[in-house]
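Trainee: Here is my input, please return the structure:
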Amino acid sequence: MRIIYLKCESDQSSFDQTVREVAVEREDECNWFGKPTTDPDCPTLQWPKFAWKEVKENGSGKRSHARLTQAPTLTLKGEEIDAKTKL
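Mentor: Numbers count the residues shown, from 1 in each chain. From the prediction side, this is the model:
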């Protein structure tokens, strides 16, 4: 089992900035699945990669994103709407 440190993706002060130590049981393209090491009785939780970033123990580090398709950009032109998808 691998230990990782996760922090909220947003660095805004209105979000909890606590670094969570997680024992990862498995991982897929979009999520980590594991238990917080501070509570061994906690059930396995899903930690979505779009909402959490992997950091070093002290809270700094790189972002670890899942490959997610960006939502289409809509541009208004008179009465028409052109949908342009950025990949």
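
Trainee: so how many other residues sit close to residue 33?
Mentor: Applying other C-beta atoms under 10 Å, we find 14 residues neighbouring residue 33. Backbone N, C-alpha and C define where each C-beta goes, glycine included.

Trainee: Tell me how many other residues crowd residue 47.
Mentor: Counted with other C-beta under 10 Å, the neighbours of residue 47 add up to 19.

Trainee: ok, what's across the strand from it?
Mentor: Note on residue 47: beta-bridge partners residue 32, judged by DSSP bridges.

Trainee: so who does it touch?
Mentor: Applying C-beta atoms under 8 Å, 6 or more residues apart in numbering to residue 47 gives the contacts 6, 22, 31-34.

Trainee: same thing with residue 4?
Mentor: For residue 4, the contact set (C-beta under 8 Å, 6+ apart) comprises 21-22, 24, 32, 34, 54.

Trainee: Residue 2: which of those is nearest?
Mentor: Nearest to residue 2 among the contacts of residue 4: residue 24, at 4.8 Å, using C-beta to C-beta.

Trainee: nearest residue to the closest one other than its sequence neighbours?
Mentor: Distances taken as C-beta to C-beta, 6 or more residues apart in numbering put residue 34 closest to residue 24, at 4.1 Å, once the chain neighbours are dropped.

Trainee: Ok, residue 22 next?
Mentor: In space, residue 22 is closest to residue 34, 4.4 Å off (C-beta to C-beta, 6+ apart).

Trainee: Can you point out the buried residues in the helix or strand where that neighbour lies?
Mentor: Using DSSP states H and E, residue 34 sits within strand 31-36. Residues of strand 31-36 classed as buried: 31-32, 34-35 (neighbour count, 16 or more other C-beta atoms under 10 Å).
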